[in-house]
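Novice: Kindly return the folded structure for what I paste below:
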Amino acid sequence: MPSLPPLVSPAAELTREEVTRYSRHLIIPGVGAVAQRRLKNARVLVVGAGGLGAPALLYLAAAGVGTIGIVEFDVVEESNLQRQIIHGQADVGRPKALSAAESVRALNPLVRVRTHEFRLDASNALDLFAEYDLIVDGADNFATRYLVNDAAAVARKPYVWGSIFRFAGQVAVFWEDGPDRRGVNLRDLYPEPPPPGAVPSCAEGGVLGVLCGTVASIMGTEAIKLITGVGESLLGRVLLYDALAMTFRTIRVGKDPAAAPITDLVDYEEFCGITAAADAAEEISADELAELRASGQPFALVDVREPGEWEINRIDGAQLTPKSSFDSGAGVDELPTDRRIVLYCKSGVRSAQVAAQLRDRGFDDVVSLAGGIVAWAARFEPDMVDY
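Specialist: All right, here's what the predicted structure looks like:
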């Protein structure tokens with residue numbers, strides 16, 4: 001498949017300092033000074049400074065992308081440092097956007113860094129995307145991924161998409177208005193989002209730290225290829241990476257002829273079923289659980305996390321019955337039928353899903369701990385080990 005035309009026009013001539021810094025690019029046949037000048041003129045927005053955004057930001061900065069935007073509202077936590085290499089121990093508690101910007105500037109003072117310290121949503125995405133040539137999507141949830149996809153389509157911008165989970169990663173380029181009728185978007189790959197809780201986040205399911213570097217490096221490579229017009233883009237393909245088997249393969253993605261054109265933005269939490277799931281969940285707060293424990297009433301406290309999480313921390317008196325056992329049906333046999341059942345996981349997502357399964361199976365008095373063990377620890381056991 002032929003290369004795409006360069007996304008960005010070249011900047012003015014490189015300075016002496018730039019020639020020295022980027023010399024290993026300049027001597028690559030087929031790249032050279034013109035491609036480097038395109039990078040200098042490029043404006044790239046990175047969504048998130050987390051597992052994927054962190055390595056991608058560093059490599060884009062090192063490559064000489066002239067303007068880099070960082071949209072991020074979260075703060076650095078110690079558990080981030082296993083994979084989010086743009087942050088250090090001293091950054092714990094600081095805004096990720098500021099920490100990332102400092103690291104980028106320290107790596108390459110020739111790069112202009114812009115920080116956007118807010119949550120990306122339907123009210124601000126289009127105006128923000130209009131300021132950039134290309135989007136790199138490092139989001140870690142489906143609601144934001146669909147938002148980025150739709151905003152990029154409406155704004156007519158290409159974007160590089162990545163996804164990671166445990167030992168596996170995916171990378172693709174989406175561009176609704178791609179040249180030569182090659183345009184595809186995320187909805188051509190995933191027409192509908194998965195049910196809430198069906199795909200755990202990295203915080204819930206875990207991720208191999210070095211996997212982030214591999215996937216983010218590929219995302220950075222695709223961004224550079226789009227900017228410069230060098231090589232064959234992943235547009236129309238999805239790269240699948242299995243770190244355990246150490247295999248790479250690609251699958252083709254074609255335009256869905258039945259898909260409606262994307263013309264505006266929607267409520268993405270509602271689209272992904274997050275709002276409905278929260279409304280439908282029968283929950284108990286940490287305070288209510290404490291009152292239940294103090295009342296002396298019989299109840300079963302069930303931890304639906306995996307054994308590795310159970311070893312890190314747990315609520316006293318709980319029994320471990322992982323969600324995976326409920327998914328297979330075996331876990332139901334471990335539950336009493338003569339008392340209330342209180343389920344918990346890390347944040348409340350998996351336990352709410354198991355509670356819904358149990359209610360469908362005829363369990364009338366089953367609730368999920370809102371906020372999971374994180375909420376319990378914050379309220380009653382602040383010294384509990386976090387993860």
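Novice: low-confidence ranges in the stretch 1-150 of the chain?
Specialist: Residues of the stretch 1-150 of the chain that meet the criterion pLDDT under 70 lie in 1-2.
Novice: what are the ranges of the helices in it?
Specialist: Counting by DSSP state H, counting those that start in this stretch, the segments of the stretch 1-150 of the chain that form helices are 16-21, 23-26, 32-41, 53-63, 96-107, 125-129, 142-155.
Novice: so which of those gets nearest G329?
Specialist: G329 sits nearest to helix 142-155 of all the helices of the stretch 1-150 of the chain, at 26.4 Å, using Cβ to Cβ. Heads up, the C-betas are built off the backbone N, CA and C, glycines and all.
Novice: Which of the helices of the stretch 1-150 of the chain sits closest to I341?
Specialist: Closest approach to I341 among those (Cβ to Cβ): helix 142-155, 28.6 Å.
Novice: show me what contacts F129?
Specialist: Each residue near F129 by Cβ atoms under 8 Å, 6 or more residues apart in numbering is listed here: 45, 135, 151-152, 155, 157.
Novice: Show the contacting residues for D150.
Specialist: D150 is in contact with 185, 262, 264-266, counting by Cβ under 8 Å, 6+ apart.
Novice: so how far is S201 from it?
Specialist: Applying Cβ to Cβ, to the nearest Å, the value for D150 to S201 is 21 Å.
Novice: OK, contacts around the nearest residue to P322 once chain neighbours are set aside?
Specialist: Sequence neighbours aside, E306 is the residue nearest to P322 in space, at 5.2 Å (criterion: Cβ to Cβ, 6 or more residues apart in numbering). By Cβ under 8 Å, 6+ apart, the contact set of E306 is 322-324.
Novice: same check, this time on P179
Specialist: Counting by Cβ under 8 Å, 6+ apart, P179 touches 4-5.
Novice: Look up phi and psi at it.
Specialist: Phi and psi for P179, reported as degrees, to the nearest 10, are phi -70, psi 160.
Novice: how near is it to R156?
Specialist: In terms of Cβ to Cβ, P179 sits 12 Å off from R156.
Novice: And for Y146?
Specialist: In terms of Cβ to Cβ, Y146 sits 17 Å off from R156.
Novice: between those two, which one's more packed in?
Specialist: The neighbour count for Y146 versus R156, taken as other Cβ atoms under 10 Å, is higher for Y146 (23 against 12).
Novice: Was I right to think the more buried one contacts E269?
Specialist: No - judged on Cβ atoms under 8 Å, Y146 makes no contact with E269 at a distance of 10.0 Å.
Novice: Nearest to A377 among the helices of the stretch 1-150 of the chain would be which one?
Specialist: With Cβ to Cβ as the criterion, A377 lies closest to helix 96-107 of those, at 22.2 Å.
Novice: still on that earlier bit, adding distance to H116 as columns, could you present the helices of the stretch 1-150 of the chain in JSON lines?
Specialist: Listed next are these as JSON lines, based on distance: least, Cβ to Cβ, whole Å:
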{"stretch": "helix 16-21", "distance to H116": "26"}
{"stretch": "helix 23-26", "distance to H116": "28"}
{"stretch": "helix 32-41", "distance to H116": "21"}
{"stretch": "helix 53-63", "distance to H116": "12"}
{"stretch": "helix 96-107", "distance to H116": "7"}
{"stretch": "helix 125-129", "distance to H116": "6"}
{"stretch": "helix 142-155", "distance to H116": "13"}
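Novice: The residue of the chain most remote from its centre and H25: what is the separation?
Specialist: Within the chain, G296 marks the point farthest from the mean C-alpha position, 42.2 Å out by Cα atoms, centre = their mean. Using Cβ to Cβ, G296 is found at 71 Å from H25.
Novice: Same check on G93?
Specialist: Note on G93: its distance to H25, by Cβ to Cβ, is 37 Å.
Novice: In terms of neighbours, single out the busier of those two.
Specialist: Higher neighbour count among G93 and H25: H25, with 17 against 10, using other Cβ under 10 Å.
Novice: Pairing partners for the residue nearest to D133 when sequence neighbours are not counted in the sheet, please.
Specialist: Distances taken as Cβ to Cβ, 6+ apart put R43 closest to D133, at 4.9 Å, once the chain neighbours are dropped. According to DSSP bridges, the residues that bridge with R43 are T67.
Novice: how much space between R43 and S9?
Specialist: Distance, R43 to S9, using Cβ to Cβ: 12 Å.
Novice: Please say which of those two ends up with more neighbours.
Specialist: Ranked by neighbour count (other Cβ under 10 Å), R43 and S9 place R43 first, with 17 against 11.
Novice: so which of the helices of the stretch 1-150 of the chain gets nearest V171?
Specialist: helix 53-63 (10.7 Å).
Novice: where does the stretch 251-387 of the chain have low pLDDT?
Specialist: Applying pLDDT under 70 to the stretch 251-387 of the chain flags the ranges 274-281.
Novice: ranges for the helices of it?
Specialist: Taking DSSP H, counting those that start in this stretch to define them, one finds helices in the stretch 251-387 of the chain at 268-271, 274-280, 286-295, 307-312, 323-328, 349-360, 372-380.
Novice: among the ones you listed, which is the most enclosed?
Specialist: Ranked by mean neighbour count, the helices of the stretch 251-387 of the chain are led by helix 349-360 with a mean of 21 (mean count of other Cβ atoms under 10 Å).
Novice: now that one, how far from the centre of its chain.
Specialist: Put simply, helix 349-360 sits 24 Å off its chain's centre (Cα atoms, centre = their mean, to the nearest Å).
Novice: Stretch 148-162 too?
Specialist: Its chain's C-alpha centre lies 15 Å from the corresponding centre of stretch 148-162 when counted by Cα atoms, centre = their mean.
Novice: Same question for stretch 285-296.
Specialist: Distance, stretch centre to chain centre, for stretch 285-296: 34 Å (Cα atoms, centre = their mean).
Novice: what does it rub up against?
Specialist: Stretch 285-296 has contacts (Cβ under 8 Å, 6+ apart) with 284, 299, 301, 317, 340, 342, 369-371, 375-376, 378-380.
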